[in-house]
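Novice: Sequence first, then the predicted structure:
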Amino acid sequence: MSIRKRLAMGLCGLISFTIFATGLLATLAPVTFRVDHDWLSPLLILLGTGVYVGGIGLAFRWFHRLSRSQHRWLTGMLWGLLLVIQLYVAFNWVSAPRADLYFVHQQALALLNGSHHWAPYFYTYPNNVGFTILLSGLLKVGHGLLGGQTGVWLNLFQFAWLDLGLLVAWWALHRRNPARGHLFLTLVIGTVPFYAYALNTYSDTYVLPIGLVIVVLMRGLLRAKTWRQIAPRTVGLGLLLTFAYLLKANFIVLIIAVLLILWLLPNPTPHPLITRSGITLVILALLLGGVLATQAGERAAGYQARLNQSLPAMSWIAMSWNPENHGEYNRADVAPIIKLPTVAAKQQRAQANLHHYLQEMGPIGVVHHLYRKARLFLATGTFDSFQISPAFDRAPTWYRQHRNTTDWLLANWCQINYLALLIVTCGWGIQQIRRRKLSAAYLLAGTFIIGLICFHVIFWETEERYALPILPLLIAGTAAGYRQPVNLLQWSQRSRWLPLGMAIAFTAMLGLGAWQNYDLITRPKDHPISVISQNEGRYYQNHKVKLARGQSLTQPFTAKLPFDHLLINNGEAFTGRLTIRDSRGTHVWETQGKQLALDQRLPLFPAGHYRLTITATRRKPQALVTAPANYALLPQPLTTHPHQYLRFFIDQHSYGPMLTLSKLWLIVGAIWLGGLVIIDRFYWYRRRI
């Protein structure tokens, strides 16, 4: 065996081990400090995953038995179903831009209106400048096509962009085997994060499908023999890698992965060294050209970097090693560094923070912190889908009313789906090692996954959403690498009673799993229903309006659901009076006394139009947090400040268990019936495989 072959085999083994370790994290340690933290027990998740993998197997076998015309019909039906679901989601959910998206959206609209003045945010976080310019162009097209429906336009465009990557991967799988193309589409239809991120106008969405396209292009490039075949693939590869890197700097690891696989795997051209060198030079030249062109475009848009204001890379590294967190973004670390006047002072403070954190943790603490970062990055199959959109400008009323339960059910489905993808993809890697026949696509995708893990777990800040590019690669890997468990099924022929024994064991384990989850129907918890969430005004800018004695601030709002709780900013103490009037101007509620907290329980008010008035009575001015905006954060701004919105939250109080007994048994019963059907079908199929 050649050295290249040995290295490739070793890399395949490392990739398979990484995916296996990720599966262990996803089974035993999904993140519990986010919104979707009430997980089903690991046993129930595993049983659900087993049923799901078995369902994939039955579907895959059925796909293989179709005729050519049936393949065409099924392809059309699957693509049609996917598009119908996407259109329904795109028109009925419009996410409200918040946090980084708030600044990006504002600046994009300012550029669209001819302003070249950039907000201070972009001098601290220059990584979002390129995407802001791109978004400005998209909004310009959207205004021409749909007028004021820019939210729907962005949803449609983002779904179309995602579908372009899915189409490329599906085409590559379908050419190899139509059944694998059907399996790919079936998995995509049930992948919730794709729908969530298509509603999220940020760079995460725009780099999401690129990994799939790169893998397909690279697979074709490694098989190309003539420059007529090599040249277009190389240029396309270089342009996509450059685009991804300019939007998301962590995609530097994909560039490294491409070059590594290019030089590691065999090349069928007559002069492999010249070919590899030429491809490498073209990719690097396009990358350099893209960086220079982007800088020129930024200058043309009025942006000029200010090094003394930007956050140095060391600050992100140091922040990720704060032992009080899991490696995520932390304002307590960032805020003091932002206030320092020079880049040297910022760098020095960040280095001091990193040194302090490493010294405080020690060797054992460092290992434990790496585990915590890996857990945050890899263990949760939602990929932050239910936190990236804290508020919606448009959403169905049924979803607003039942969002907590709906998101919980979808989160657990995401975890089952994620674990199934990991299991099948890991199995594909093990099969390649056993057969000593390696897939270039598996090696490239796996190297990219390992690169992302090293980048975020060891060096950089860590969030669940940064692992999102792994998801489409796992789906493609599952569709490309699924194999029927032939050996297991042939062994099962020795015993007629094996299916009955499996059914009894499965039922017993499911009963234990149901018992482990019984606290979901017995342990009450507070999970308020969000009616209005205008949470801008504190992140980065900390914008405030001061009220002198006798001055008032009035915020009109529209409640789509009944509500009984009001929170202004963080519920600080305030000297004054709060008043709520209905659409007819009638007083429906007012505080008693001068000293109050901006956190008030209310009588249950019906849905409708209201006006919240805050009147100050203290001699000294009092500050209230507001958010300035050149687009509507709410249907109506403050009456006295036409381009500002109060930071406040209105909820409907809800206290009780996460699930009712009937819902829990519905979940358990569905898994049970699915498991029995799969056991039964595999029993009857075992003689025909």
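Specialist: Received the coordinates, thanks. Small disclaimer: the values here were computed from a predicted structure and weren't measured.
Novice: wait, what's in contact with T275?
Specialist: Neighbouring residues of T275 by C-beta atoms under 8 Å, 6 or more residues apart in numbering: I230, N267, T269. Heads up, the C-betas are built off the backbone N, CA and C, glycines and all.
Novice: Show me which of the residues you listed is closest to T18.
Specialist: N267 (26.1 Å; C-beta to C-beta).
Novice: Skip the chain neighbours and tell me the closest residue to that closest one.
Specialist: T275 (5.7 Å; C-beta to C-beta, 6 or more residues apart in numbering).
Novice: Give the buried residues for the host helix or strand of that neighbour.
Specialist: Using DSSP states H and E, the element containing T275 is helix 272-300. Going by neighbour count (16 or more other C-beta atoms under 10 Å), the buried part of helix 272-300 is T275, G278, I279, T280, V282, I283, L286, L287, G290, T294, E298.
Novice: What of stretch 634-653?
Specialist: Buried positions in stretch 634-653, judged by neighbour count with 16+ other C-beta under 10 Å: 634, 636-638, 644-652.
Novice: pretty sure Y357 contacts E324?
Specialist: No - with contact defined as C-beta atoms under 8 Å, Y357 does not reach E324; the gap is 9.2 Å.
Novice: Could you look up the SS state of L596?
Specialist: The three-state assignment at L596 reads strand, by DSSP: H, G, I helix; E, B strand; the rest coil.
Novice: Could you count how many residues lie near it?
Specialist: Neighbours of L596 under the rule other C-beta atoms under 10 Å: 15.
Novice: same question, the one 5 residues further on
Specialist: Using other C-beta under 10 Å, R601 is surrounded by 8 other residues.
Novice: again, but for V192
Specialist: Counted with other C-beta under 10 Å, V192 comes out at 18.
Novice: Look up how far R577 lies from L547.
Specialist: Distance, L547 to R577, by C-beta to C-beta, to the nearest Å: 11 Å.
Novice: Pull up the overlap in contacts between the two.
Specialist: I614, T615.
Novice: and those two? which has more neighbours close in?
Specialist: Of the pair L547 and R577, L547 is the one with more neighbours under other C-beta under 10 Å, namely 20 against 17.
Novice: and the closest residue to the more buried one other than its chain neighbours, what does it touch?
Specialist: Once flanking residues are discounted, L547 sits nearest to A616: 3.8 Å by C-beta to C-beta, 6+ apart. Each residue near A616 by C-beta under 8 Å, 6+ apart is listed here: L547, A548, R549, G550, Q551, S552, F574, T575, G576, Q622.
Novice: three-state assignment of the third one?
Specialist: When states are read from three-state DSSP, the local structure at R549 comes out as coil.
Novice: where does it fall, phi/psi-wise?
Specialist: Torsion angles at R549 (phi, psi; degrees, to the nearest 10) stand at phi -60, psi 130.
Novice: Grab the nearest non-local neighbour of it.
Specialist: Closest to R549 by C-beta to C-beta, 6+ apart is R619, at 5.5 Å.
Novice: Correct me if wrong, but that neighbour is in a strand.
Specialist: No - counting by three-state DSSP, R619 is located in no strand; its state is coil.
Novice: I'd like the distance between it and P272.
Specialist: Using C-beta to C-beta, R619 is found at 82 Å from P272.
Novice: do V343 as well
Specialist: For V343 relative to P272 (C-beta to C-beta), the value is 44 Å.
Novice: And the helices in the stretch 451-600 of the chain?
Specialist: Secondary structure of the stretch 451-600 of the chain (DSSP state H, counting those that start in this stretch): helices at 470-481, 486-491, 498-516, 519-522.
Novice: again with the stretch 301-450 of the chain
Specialist: For the stretch 301-450 of the chain, the helices defined by DSSP H, counting those that start in this stretch cover 313-320, 331-339, 343-378, 397-401, 403-435, 440-453.
Novice: Just flag the most distant two among the buried residues of stretch 634-653.
Specialist: The span of the buried residues of stretch 634-653, defined through C-beta to C-beta, is set by Q644 and Q652 at 26.0 Å.
Novice: any chance you could map the strands in the stretch 101-250 of the chain?
Specialist: With DSSP state E, counting those that start in this stretch as the definition, the stretch 101-250 of the chain shows no strands.
Novice: so who does S67 touch?
Specialist: Contacts of S67 (C-beta under 8 Å, 6+ apart): none.
Novice: ok, 10 Å please
Specialist: Neighbouring residues of S67 by C-beta atoms under 10 Å, 6 or more residues apart in numbering: W73.
Novice: How about V282?
Specialist: Taking C-beta under 10 Å, 6+ apart, we find V282 in contact with I230, A231, T234, V235, L237, G238.
Novice: Would you confirm that the fifth one contacts V213?
Specialist: So the one you mean is L237. Yes - with contact defined as C-beta atoms under 10 Å, L237 reaches V213; the gap is 9.0 Å.
Novice: Tell me how many other residues surround S385.
Specialist: With other C-beta under 10 Å as criterion, S385 counts 26.
Novice: Narrow the contacts of V282 to those in helices?
Specialist: Judged by DSSP state H, these include I230, A231, T234, V235, L237, G238 as members of helices.
Novice: Among the residues you listed, find me the one that's closest to D333.
Specialist: G238 (36.5 Å).
Novice: ok, that closest one touching A285?
Specialist: Yes - counting by C-beta under 10 Å, G238 touches A285, with 7.6 Å between them.
Novice: picking that back up, which of the helices of the stretch 301-450 of the chain has the highest mean neighbour count?
Specialist: Of all these, helix 440-453 has the most neighbours on average by mean count of other C-beta atoms under 10 Å, namely a mean of 23.
Novice: Tell me the gap between that one and the middle of its chain.
Specialist: Distance of helix 440-453 from its chain centroid, counting by C-alpha atoms, centre = their mean, to the nearest Å, is 19 Å.
Novice: likewise stretch 650-669?
Specialist: 25 Å.
Novice: quick one on the thing from earlier: turn the ones in helices among the contacts of V282 into JSON lines, columns for distance to Q107, neighbour count and pLDDT.
Specialist: As requested, the ones in helices among the contacts of V282 are exported to JSON lines (distance: C-beta to C-beta, whole Å; neighbours: other C-beta atoms under 10 Å; pLDDT from 0 to 100):
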{"residue": "I230", "distance to Q107": "40", "neighbour count": "19", "pLDDT": "90"}
{"residue": "A231", "distance to Q107": "38", "neighbour count": "14", "pLDDT": "90"}
{"residue": "T234", "distance to Q107": "35", "neighbour count": "23", "pLDDT": "93"}
{"residue": "V235", "distance to Q107": "32", "neighbour count": "14", "pLDDT": "94"}
{"residue": "L237", "distance to Q107": "31", "neighbour count": "23", "pLDDT": "94"}
{"residue": "G238", "distance to Q107": "29", "neighbour count": "24", "pLDDT": "94"}
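Novice: That's all I had, so thanks and see you.
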